[in-house]
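Trainee: How does the following fold in three dimensions:
(2 chains)
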Amino acid sequence: MTIRPPSLPRLSAFTRRRTGLILAGLAVMAISGAANGRQQATPISMDIGDEPGRVATAEQIVEDGPFARQLVFFRSAEPPGTIVIHTSERFLYVVQGNNRALRYGIGVGREGFQWSGLVRVSRKAEWPDWTPPPEMIARQPYLPRFMAGGPGNPMGARALYLGSTVYRIHGTNQPETIGHAVSSGCFRLANGDVIDLFERIAVGAKVIIRHGASI
Amino acid sequence: MMVSASSASLIRAGIPAILLLLLGGCGTTIDESVTTPGALTERPATFRNEQLIGKWGVASYREEKDRRRVEAQARAQCRLPYVIAKGPSDGVMMHLADDAKLYELRIKGGSDGKTYLGPEAPPGEWQDREILSITDKEMIMRFVDPEVHGRYGTFIYVRCPG
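Mentor: Purely as a prediction, here's the structure:
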């Protein structure tokens, strides 16, 4: 596993213990930031592949820093319950009304795999199954071609399927990738955060993905 | 640097073991029934290496309730099959856990009555798989290493047509 992380979100105590072991020797730079207002996440890619089989628990959340789940000021004409994703910021917002939104730190598509659009949540799943893409099988031929949902599954604890696209908002067994551009176009949250999101969002919810520079 | 299958496996087995000791009770579900390495002696095996040769659809599951649908998924994976070829010493060429290199493995009967698949070493070693069943159309295996088994679960191989 090759990692070039300039910064990592601070994770829950369990996550820190585990990733601390896994990432031993890497310098971890703390991310500071106020609880309110928009903050620009560092748009730097993290060179890390999926790690199927690596176990993450449902309790993992981003504990503090800008990528922690928090209520923020968010001016929007969208109705409450709408998801707005700012790919460049690495944030997902759930509109709450009264110029407020609940904000989650996310991992986004790596360069060339980012996109924008308007879709709706077409389906929700707990502990979704995972089918590794062919290029991953080529690199890691020992992998099963299909893995039933569970803690060792890169899809994590929950998934929200986006329209008829191949993209999803899902959990991850790599919570240290939150805040980075690492995926093939999906949006990933720490498992504890995606479970929280899953409970708040209904099938049919509007999802706006913005790829450009933030306001 | 050349690393043999055995030493590489020992390293792999050792690191997760240390992690498990440090992270005990951290949520990994490990099937206690999985064999841990011991001083097994080799007995004649129930299955033959040749039974493994061919193209297989492969899928894995962790909970028994998923087994039937995962079996169907394994069948569907024949578009990207796992190919097992005959090895130079009458074994079969397959991968060990988390290792993209091919090794020659062979079936080994254990003195515990179980059947194992792994490199040249006593049956039930860390890098071995335990073969739970083999028929002409399907085989089911799991890794002996509890940490690896806990991550990947049980593998179903369904023979691909042709």
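Trainee: Nearest residue to the middle of chain B?
Mentor: Centroid-nearest residue in chain B, with Cα atoms, centre = their mean: B:R129, separated by 2.9 Å.
Trainee: typo on my end, it should be chain A
Mentor: Geometric centre of chain A, nearest residue: A:R188, 2.2 Å, by Cα atoms, centre = their mean.
Trainee: you'd agree it is up against A:A157?
Mentor: No: between A:R188 and A:A157 there is no contact under Cβ atoms under 8 Å: 11.0 Å. Where C-beta positions appear, they are placed from N, C-alpha and C, glycine not excepted.
Trainee: Mind listing the shared neighbours of these two?
Mentor: Jointly contacting A:R188 and A:A157 under the rule Cβ atoms under 8 Å, 6 or more residues apart in numbering or on different chains are A:171, A:194.
Trainee: who's the residue nearest to the centre of chain B bridged to?
Mentor: Beta-bridge pairing for B:R129 (DSSP bridges): B:L117, B:F143.
Trainee: Just list the residues touching it, thanks.
Mentor: B:116-118, B:141-144, B:155.
Trainee: Quick one: the strands in chain B, in order.
Mentor: Assigned by DSSP state E, the strands in chain B fall at B:42-43, B:54-61, B:82-86, B:92-95, B:102-110, B:115-118, B:129-134, B:138-143, B:154-159.
Trainee: Please identify the deepest-packed of the ones you listed.
Mentor: Most buried of those, by mean neighbour count (mean count of other Cβ atoms under 10 Å in any protein chain shown): strand B:115-118, with a mean of 26.
Trainee: same for that one, what does it pack against?
Mentor: Packing partners of strand B:115-118 (3 or more Cβ pairs under 8 Å, 6 or more residues apart in numbering or on different chains; DSSP states H and E): strand B:102-110, strand B:129-134.
Trainee: Please compute how far that strand lies from its chain's middle.
Mentor: The chain centre lies 7 Å from the centre of strand B:115-118; the measure is Cα atoms, centre = their mean, to the nearest Å.
Trainee: Would you mind writing the CA trace of that strand as PDB?
Mentor: Only the C-alpha atoms of strand B:115-118 are listed here, as PDB (Å, rounded to 0.1, in the frame of the first residue of the first chain):
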ATOM      1  CA  THR B 115      -8.100 -31.800   4.000                       C
ATOM      2  CA  TYR B 116      -5.800 -28.900   3.300                       C
ATOM      3  CA  LEU B 117      -4.500 -27.100   0.200                       C
ATOM      4  CA  GLY B 118      -1.200 -25.300   0.500                       C
END
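Trainee: number of nearby residues for A:Y93?
Mentor: 23 (other Cβ atoms under 10 Å in any protein chain shown).
Trainee: just checking, A:V182 touches A:G107?
Mentor: Yes: at 5.3 Å, A:V182 and A:G107 qualify as touching, with contact defined as Cβ under 8 Å.
Trainee: So if I had to pick from the two, which one is more boxed in?
Mentor: Comparing A:V182 with A:G107 by other Cβ under 10 Å, the one with more neighbours is A:G107, at 27 against 23.
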